[in-house]
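Trainee: Quick one, fold the following:
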Amino acid sequence: MRESIGLKMETEALITAAQDQALDTECHKVRILHNTNDPKCRMCKDKDETVAYIVSACSVIAGSLYKTRHNNVAAIHYSICQHYEIKTTDNIWLHKINPVAENNKVKVLWDFEIRTNRQIQARRPDLVVIDKQMKKALIIDVAMPNDAHT
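Mentor: Model prediction:
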């Protein structure tokens, strides 16, 4: 007998289909189902619509949904504020990220451009934690990688 992990069968089937890249994408319809002949993305009409393309490369989605997903993963901001006793909400999902949060121990910078004395292209890390007492800074950058960039 199969052990339950608490998911509905439909949810488990959808997750399995996503892992197998067998979702109902335009590319899947062309290559597997043979019921259409245009594999281009429905959003941007630029590249073939595959699971990997939808979750990480579509230019139309990039301006909004990818950043939202990235920021949700960066809930580490909440944990850092809690750790250093910076006032936050009681609920992680209601936590509003301020660009600068600080107390007498630490300053936490979110998506804050770091000024440098020479030109550095990537100077806007996701999080910078400046420990005022130790006089040290921790730079944290969150990435949402994909195993194949299309």
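Trainee: all contacts plus neighbour counts: C-alpha atoms, from now on.
Mentor: Noted.
Trainee: From the rest of the structure, what touches the helix ranked longest in the chain?
Mentor: Secondary structure of the chain per DSSP state H: the longest helix is helix 9-19. Helix 9-19 has contacts (CA atoms under 8 Å, 6 or more residues apart in numbering) with 23, 51.
Trainee: And stretch 65-78, by the same measure?
Mentor: Contact with stretch 65-78 is made by 55-56, 88, 92, 95, 97, 110, 127, 142-144, as judged by CA under 8 Å, 6+ apart.
Trainee: Centre of the chain to that stretch, how far?
Mentor: Centroid separation between stretch 65-78 and its chain, computed with CA atoms, centre = their mean, to the nearest Å, is 5 Å.
Trainee: Using CSV, write out every CA atom in the longest helix of the chain.
Mentor: Coordinates of the C-alpha atoms in helix 9-19 are reproduced here as CSV (Å, rounded to 0.1, in the frame of the first residue of the first chain):
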residue,chain,number,x,y,z
MET,A,9,-3.6,12.9,-6.0
GLU,A,10,-4.2,15.7,-8.5
THR,A,11,-1.6,17.9,-6.9
GLU,A,12,0.9,15.1,-6.8
ALA,A,13,0.2,14.4,-10.5
LEU,A,14,0.7,18.0,-11.4
ILE,A,15,4.1,18.1,-9.5
THR,A,16,5.2,14.9,-11.2
ALA,A,17,4.2,16.3,-14.6
ALA,A,18,6.2,19.5,-13.9
GLN,A,19,9.2,17.5,-12.9
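Trainee: Identify the residues contacting the helix or strand following that helix?
Mentor: On the C-terminal side of helix 9-19, the nearest following helix or strand under DSSP states H and E is helix 26-28. With contact meaning CA under 8 Å, 6+ apart, helix 26-28 is reached by 22, 36, 38-42, 48-50.
Trainee: quick one: the spatially closest residue to T88 that is not a sequence neighbour and I80, what's the gap?
Mentor: With sequence-adjacent residues excluded and distances taken as CA to CA, 6 or more residues apart in numbering, T88 is closest to H95, at 6.5 Å. Distance from H95 to I80, counting by CA to CA, to the nearest Å: 12 Å.
Trainee: Restricted to helices, list the contacts of stretch 65-78.
Mentor: Counting by DSSP H, those place 55-56 in helices.
Trainee: Next, the buried residues of the helix or strand of the chain with the lowest mean pLDDT.
Mentor: Every helix and strand in the chain was compared by mean pLDDT, DSSP states H and E; the lowest is helix 65-73, with a mean of 74. Residues of helix 65-73 classed as buried by neighbour count (16 or more other CA atoms under 10 Å): Y66.
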